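[1] starting from these lines, generate the structure:
(3 chains)
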Amino acid sequence: MDDAYLEAVLDLVETIPSGRAMTYGTVAEVVAERCVAAGERPRGGPRQVGQVMARAGAGVPWWRVVNASGAPPARHLQRALAELRAEATPLTPDGTRVALAQAIWFPDVPDPD
DNA sequence: ACATTGACTAATT
DNA sequence: TAATTAGCCAATG
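    Numbering: from 1, shown residues only, chains lettered A, B, ... in the order given. Modelled structure (predicted):
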């Protein structure tokens, strides 16, 4: 994956508002859409997003990106949960994962009219 | 070029 | 509802 993809993912993650969250799959979808809009070949894949995050996720609110179950990366679970609690992100009664139904967020399409 | 791996997902059991 | 399995996409050895 090249830097363009990396930037696209990081840029999107940075736009996630405090107290909300996105799934890897959704991030991948949006990035793919933007990629197509830019006339590039669509790269899709939740795993690629994860790969980018693992490589350059520092510096962005990575804890606002969770898997389809609403659970943050197991590798930094506690850290992520701490951040999420601090931001009052809707969590499940268990407190171990994000309540996607309430916290899920989708970016406004910057439709250039 | 083939096999393995990973901050994933959806379907099964 | 939780654990397993198979599928997926691209990077790496």
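[2] what residues are up against the residue lying closest to residue A:15 once chain neighbours are set aside?
    Sequence neighbours aside, residue A:107 is the residue nearest to residue A:15 in space, at 5.7 Å (criterion: Cβ to Cβ, 6 or more residues apart in numbering). Every residue, glycine included, has its C-beta placed from N, CA and C. Remark: with contacts taken as Cβ atoms under 8 Å, 6 or more residues apart in numbering, residue A:107 is in contact with A:12, A:15, A:30.
[3] try it again with 10 Å
    When contacts are counted by Cβ atoms under 10 Å, 6 or more residues apart in numbering, residue A:107 touches A:12, A:15-17, A:22, A:26-27, A:30, A:33-34.
[4] pretty sure it belongs to a strand, no?
    No - with DSSP: H, G, I helix; E, B strand; the rest coil as the criterion, residue A:107 is assigned coil and is not in a strand.
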